[in-house]
Structures are given as C-alpha cells and as structure tokens.
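Q: turn this into a model:
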Amino acid sequence: MKTEKLIGRKTEIAEIQNCINSDRSEFVILYGRRRIGKTFLVKKYFDGKFDFHFVGASRHTTPQQLEDFGKSLAKYADTDIQTPRNWSDALDMLAKHLETINKKRKKIIFIDEMPWIDRKQSDFVAALEHFWNSWAATRNDIILIACGSSTSWMINNFIQNKGVLQNRITHQIYLRQFTLNETEEYLKNKGFVWQRPQIMQCYMVLGGVPYYLSLLDRHLSLAQNIDNLFFRQDALLQYEFNDLYNPLFSRADKYINIVKALSTKQKGLTRDEIISATNYQGDSLTTILNNLENCDFIECYNQYGSKKKNMIYKIVDFFTLFYFRYIDGNRTKDEEYWQHNCSTSSVAAWQGISFELLCRCHLQQIKHALGISGIATKTASWKYIPPQNSAEQGTQIDMVIERIDKMIHLCEMKFRDRKFAIDKSYADIINRRADIFKEKTQTTCQVVNTIVTPVGLTSSKYNALIHSVVTADELFSK
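A: Numbers count the residues shown, from 1 in each chain. From the prediction side, this is the model:
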C-alpha cells in the first residue's frame with residue numbers, strides 16, 4: 001500500500017528539525033484549525049516512533065482521561081501501570097518512565113488534543129507547568145509537543161499564559177491550510193488530473209484543508225465529488241459542521257449563531273451589526289469573536305480609512321461559507337444536486353464571493369505578482385454609502401493595497417473560466433469607482449486599478465485602464 005506523502009510544511013519541518021538538533025529541552029506547541037493535518041505532520045515526521053504519545057478524548061471525564069493516560073504509559077513502559085490519581089501523579093510517572101531510557105538522544109513526548117484533557121478543576125495545566133519547570137527543563141534531551149485544535153485554548157494557556165509557563169515555550173508552530181500550490185501538489189500526488197480552474201473551484205468549497213481533500217475520489221468529476229461529500233444520502237461530510245464546532249467550544253450554539261449571522265452578509269458585519277443580529281454583547285461577545293478568529297473561522301478586517309470600531313467581521317472558512325449557502329436548511333432530496341446546479345447564476349454569484357476570499361488567502365502571491373513582495377503594505381476593504389436621499393452613487397472595493405511608496409492598488413476579483421472582457425460599461429464602473437475613492441478618502445497617493453482573474457483579459461482598448469492583472473498562474477505560485 002502506498003504511504004501518503006507529506007506535502008508542503010517545509011517551514012514547520014525545519015522548525016521540528018531545529019528542536020532535534022538543539023542542545024536543550026524543547027517545549028513545542030502545534031496548533032491550527034481542526035482537520036488541518038497537525039497529527040499527520042507529527043506522526044509522519046517521527047514515523048510514529050515516540051517515547052510517549054497520548055491523545056485527549058473530547059467527551060471523557062478527568063478520571064477517564066487519567067485511566068487512558070495510564071494505559072498509554074503502560075504500553076510504552078511495557079509494564080503494568082496503576083491508574084494515576086491526578087495529573088501531577090500522571091506526569092511524575094511519565095518522568096520516571098523517560099528516565100529509564102538511557103539512549104543519548106532526544107526523547108519525544110507527543111500529547112495530542114491537549115485542550116480536551118484540561119477539564120474543569122482537573123489542574124492539568126498546573127501539573128504540566130510543574131512537570132516542565134521542575135523536570136523537563138532541567139534536562140537537555142526532552143521534546144514535548146503539545147498539540148490542539150482549539151486554537152483559542154492553546155493561545156490562552158501557552159502563548160498568552162501569565163503563569164509559570166510564560167517564556168517557557170521554545171517553539172510555536174501554527175499550521176495553516178494548504179495554498180493553491182500545495183493543494184495542486186497534493187491532488188497530483190493522489191493521481192488527480194484536474195486543471196487549475198477545477199482546483200480553484202474545489203478550493204472555494206473545501207479550502208486547503210488536507211482532511212477534506214483526502215475524501216475526494218480522483219475517478220469522479222469535481223461536481224460528482226461535491227455531491228458525494230454533501231448531498232448524497234450517506235454523504236461523507238453531512239455531519240461535519242457540528243463535528244467542527246461542537247468539540248471546540250462550550251456553548252457552541254452561540255458561536256454558530258454568530259457565524260450564521262455573518263453568513264447572511266456578503267461583505268461582513270461590524271460589531272454593532274452583530275449585536276443587533278444576535279443580542280450578544282459585552283465581554284462574552286468579545287470572547288466569542290476572539291475565539292472564532294483564533295480558530296480560523298472568521299477574520300476582522302479594516303475598512304480603509306476607518307477607525308477600529310468600524311472593523312468588519314467576515315467568515316473566512318470556506319467550508320462554513322459553503323455550508324450556510326447550500327447545506328443549512330436545504331431540504332433537497334436530489335442526490336445529484338451539485339451536478340444539476342453548478343452552472344446556475346446562483347452558483348456563479350457564490351463563486352464570486354468565495355473567489356474574493358481565495359484571493360485574500362493568497363495575498364502574498366498577489367503581492368509577488370505585483371512585484372511588491374519586499375514593500376511594506378496595508379490591506380483593507382473599502383465602501384462608500386451615500387447619505388439617504390442623496391443623488392450620489394456608492395461603491396465598494398474588494399481589496400485596497402496601500403504601499404509605503406505612496407501607491408494604492410484598487411483590486412477587483414473576477415472569477416471566470418475564460419478571459420474577462422472589459423467593455424465600455426465596465427470601464428465606466430472602474431473610472432467612477434476610482435474617482436469616488438480619491439474624492440472621499442482625499443488620498444495623496446497614486447491610485448491604480450488591479451484585476452485578479454484566473455485566465456486574464458481579452459484584448460480591448462479599455463485595458464489601458466488596468467495597471468496590473470493577476471492570473472491563476474500567479475495565484476498558484478509558491
């Protein structure tokens with residue numbers, strides 16, 4: 001059987017290798033969205049060979065977790081182990097086991113889904129602090145890899161920890177979704193022969209999430225695969241939404257209500273608009289928004305020229321966007337729903353929204369295509385809503401890239417599977433949009449127009465209005 005290849009992750013692998021080669025004990029935290037491949041990365045790198053490996057269970061009580069820990073330790077120690085009384089006892093037992101390993105090499109401890117271990121009043125974090133500071137940190141041969149999908153828990157308990165663990169974390173590895181380039185490499189390694197337009201459409205549904213990509217069947221078209229994943233009676237991802245949110249958050253219903261509210265507005269919501277839509281406010285709302293952002297479900301964007309209180313919150317998880325657009329509340333019995341509807345104007349409109357998000361996820365590739373990778377920039381969105389009863393026209397801009405060298409790119413994203421044509425009507429829109437932006441922002445920078453569209457532009461006399469065009473080739477670059 002062919003073993004699965006480790007795609008991408010070069011930076012993360014180099015970081016782990018640095019830990020192996022160092023002359024001290026290393027405390028590594030590895031975090032990122034669920035299904036992103038954290039466990040696969042660690043197991044693949046170490047070939048599954050650990051000196052101790054333990055996985056927290058989402059629904060187990062502290063006594064059950066301790067019993068599971070004892071069983072795991074017994075396997076590695078190859079002897080009977082009494083169930084630990086508490087986490088201090090458990091980690092002391094682990095230290096004693098590791099002390100029996102006389103080989104002069106780094107001893108690898110991999111504790112996965114750590115947030116699930118930290119039950120209320122379990123004292124797990126305090127015990128871990130003591131284990132590290134009183135034992136592991138005094139040696140030079142320990143690598144402790146703490147892994148978790150609840151990014152907010154990992155940040156609160158490690159990165160922003162104000163206790164004894166502060167400044168004890170030696171490496172932070174944040175695992176992101178695949179880029180388009182890595183997604184293409186992954187699919188090719190799996191035997192797919194999809195062209196880039198199909199890969200981009202796939203990305204706009206599933207994002208660059210390795211677990212979702214692993215469910216695709218190379219013998220089927222993209223539309224057939226989407227039906228298999230979402231619309232078939234036994235669809236593989238029919239329960240994924242609940243499996244994604246419920247294990248991560250207590251009172252997950254509040255988190256879901258907020259992302260549902262955000263899903264109703266293409267351009268996102270301000271905090272005040274979220275309060276109006278959900279009746280959540282105060283510190284509890286702040287906590288929910290921070291946790292959703294930390295877990296890569298939403299992002300907070302600047303509006304160009306606006307104050308912080310006017311920040312816009314948007315969903316940035318492709319799966320969540322697709323779920324609320326086509327799955328939530330969909331009572332269709334059509335098991336080939338996507339094959340029957342993928343060419344409709346409704347899907348085309350949704351693809352426009354999702355393509356904008358895809359471009360935001362590939363900002364570095366866009367900057368590289370513009371030749372400004374080494375230039376400091378600020379990125380925001382912008383819109384102008386004229387006063388009521390005004391004769392003025394409003395406008396909005398998908399992405400504004402302001403460069404430190406006093407140039408501003410007004411970026412428009414257009415998803416097409418063929419070349420995009422700029423006619424007189426669209427040329428008028430471009431000119432009007434730029435004029436409104438310059439007038440309302442009073443910018444002194446040079447303002448230019450940029451279009452991001454997969455196949456490029458047709459030949460037109462109006463193309464002179466466009467300073468730069470970014471195509472799929474640039475978006476797929478490394």
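Q: stretch 273-291 spans what distance, first to last residue?
A: End-to-end distance for stretch 273-291: 19 Å, by CA to CA, to the nearest Å.
Q: how far away is residue 312 from residue 60?
A: 39 Å (CB to CB, to the nearest Å). Where you see a C-beta, it was placed from the backbone N, CA and C, and this is true even at glycine.
Q: then residue 381?
A: 43 Å.
Q: give me the contact list for the lowest-mean-pLDDT helix or strand in the chain.
A: Ranked by mean pLDDT, DSSP states H and E, the weakest helix or strand in the chain is helix 151-154, scoring a mean of 86. Applying CB atoms under 8 Å, 6 or more residues apart in numbering, the contact partners of helix 151-154 are 29, 31-33, 114-115, 118, 146, 148, 248, 290-291, 294-296.
Q: stretch 434-450 now?
A: Counting by CB under 8 Å, 6+ apart, 304-305, 370, 382, 384, 393-395, 397, 400-403, 406-412, 430, 465-470 sit against stretch 434-450.
Q: if you set the cut-off to 7 Å instead, what comes out?
A: 304-305, 370, 382, 384, 395, 397, 402, 406-411, 430, 465-468, 470 (CB atoms under 7 Å, 6 or more residues apart in numbering).
Q: do the same with stretch 277-290
A: By CB under 7 Å, 6+ apart, stretch 277-290 touches 152, 254-255, 257-258, 261, 269, 275, 313.
Q: if we use 10 Å, what do you get?
A: 152, 155-156, 249, 251, 254-255, 257-262, 264-265, 269, 271-272, 274-275, 298, 300, 311, 313 (CB atoms under 10 Å, 6 or more residues apart in numbering).
Q: residue 213: which of the contacts of helix 151-154 is nearest?
A: residue 33 (13.8 Å; CB to CB).
Q: that closest one: what's its closest spatial neighbour, skipping adjacent residues?
A: Take residue 33 and drop its neighbours on the chain: the residue closest to it by CB to CB, 6 or more residues apart in numbering is residue 296, 4.3 Å away.
Q: what subset of the contacts of stretch 277-290 is buried?
A: Among the contacts of stretch 277-290, those buried by neighbour count (16 or more other CB atoms under 10 Å) are 152, 155-156, 249, 255, 257-262, 265, 269, 271, 274, 298, 300, 311, 313.
Q: what's near enough to touch the residue nearest the centre of the chain?
A: The centre of the chain sits closest to residue 296, judged by CA atoms, centre = their mean, with a distance of 4.3 Å. Shown in contact with residue 296 (CB under 10 Å, 6+ apart): 32-34, 36, 151, 174, 176-177, 207, 209, 316-317, 320.
Q: quick one: whichever helix or strand comes after the least confident helix or strand of the chain to chain centroid distance?
A: Counting by DSSP states H and E, the element after helix 151-154 in chain order, helix or strand, is strand 171-174. Its chain's average C-alpha position is 15 Å from that of strand 171-174, according to CA atoms, centre = their mean, to the nearest Å.
Q: quick one: the helices in the stretch 301-450 of the chain?
A: For the stretch 301-450 of the chain, applying DSSP state H, counting those that start in this stretch gives helices covering 318-322, 337-341, 345-361, 363-370, 424-441.
Q: so which bits of the last one are buried?
A: It refers to helix 424-441. 426-427, 430, 433-434, 436-437, 440-441.
Q: residues contacting residue 130?
A: Here residue 130 is in contact with 87-88, 91-92, 123, 164 (criterion: CB under 10 Å, 6+ apart).
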